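In: Test case, fold it:
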Amino acid sequence: MKRLWENGLLALLIKGASITAIIAVASTVSISAQAADMTEALVQNYAAAMKSSANSQNVNQVSRLVSDDALISLSRKGKSTSLDKDAYLKLLQNSWNDTSNYRYDISVDNIVITGSQAKASVTTNESWVKNGQQVSFVTTSRVTLTLSTGNAVLLRAVSQVAIN
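Out: The predicted structure is shown next:
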């Protein structure tokens, strides 16, 4: 009986230590994930991914680069509108469906990083053919990117659109 009690206690201690070790590891992983910081490399990766996704006209890939909480404000000639993620993706998809020869380029500068977010100046150049005519847009934006699953995603954009 004494031996069973000793073996049972030992097994219980080993199980208890294993659970404690698992909890300690999980806590460390959780703290590390929460403490992740935005980097300039993540901002540049976002820009490269957005360029690739837009040029391939892949709305699902673009969707992964935009936060579910995104708010995009667009202004042109004194008129403004604000779009959430769904409205932005729908506008993008409709534009791609109505045009041909779509081309997208993006440049990012003036990056300021604070913890898990980055603010940056972004210029996009888009061109396409619609009804046989070449159209090009230049959009200048001040954006906020945030970390999501280890990648930068668009959270906010305040944009000025110019049509050439």
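In: Sketch out the low-pLDDT regions of the protein for me.
Out: Regions of the chain meeting the criterion pLDDT under 70 cover residues 1-35.
In: Please enumerate the helices of it.
Out: For the chain, the helices defined by DSSP state H occupy 2-34, 40-55, 59-64, 85-97.
In: Check which residues of the second one are buried.
Out: Which is helix 40-55. Along helix 40-55, the positions that meet the burial threshold by neighbour count (16 or more other Cβ atoms under 10 Å) are Leu42, Val43, Tyr46, Ala47, Ala49, Met50, Lys51, Ser53, Ala54. In this view, the C-beta of every residue, glycine as well, is placed from N, C-alpha and C.
In: gap between the last one and Ser127?
Out: Here Ala54 is placed at a distance of 12 Å from Ser127 (Cβ to Cβ, to the nearest Å).
In: Please apply the same query to the first one.
Out: Distance of Leu42 to Ser127, given as Cβ to Cβ: 28 Å.
In: Now do the contacts for Thr39.
Out: Ile113 (Cβ atoms under 8 Å, 6 or more residues apart in numbering).
In: phi, psi of it?
Out: Backbone geometry at Thr39, expressed as degrees, to the nearest 10, gives phi -130, psi 160.
In: distance of it from Val66?
Out: Here the distance between Thr39 and Val66 works out to 20 Å (Cβ to Cβ).
In: circling back to that earlier point, among the buried residues of helix 40-55, find me the one that's closest to Ser116.
Out: Compare each of the buried residues of helix 40-55 with Ser116 using Cβ to Cβ and the shortest gap goes to Leu42, at 10.0 Å.
In: which ones are touching the closest one?
Out: Listed by Cβ under 8 Å, 6+ apart, the contact partners of Leu42 are Ala118, Leu145, Leu147, Asn151, Ala152.
In: what's the neighbour count on the residue nearest to the third one when sequence neighbours are not counted?
Out: Nearest-residue entry for Leu147: Ser116, 4.4 Å, with adjacent residues in sequence omitted and distances by Cβ to Cβ, 6 or more residues apart in numbering. For Ser116, the number of neighbouring residues by other Cβ atoms under 10 Å comes to 15.
In: So Ser116 versus Gly150, what's the distance?
Out: Counting by Cβ to Cβ, the gap from Ser116 to Gly150 is 11 Å.
In: got it, and Asp37?
Out: Counting by Cβ to Cβ, the separation of Asp37 from Gly150 is 11 Å.
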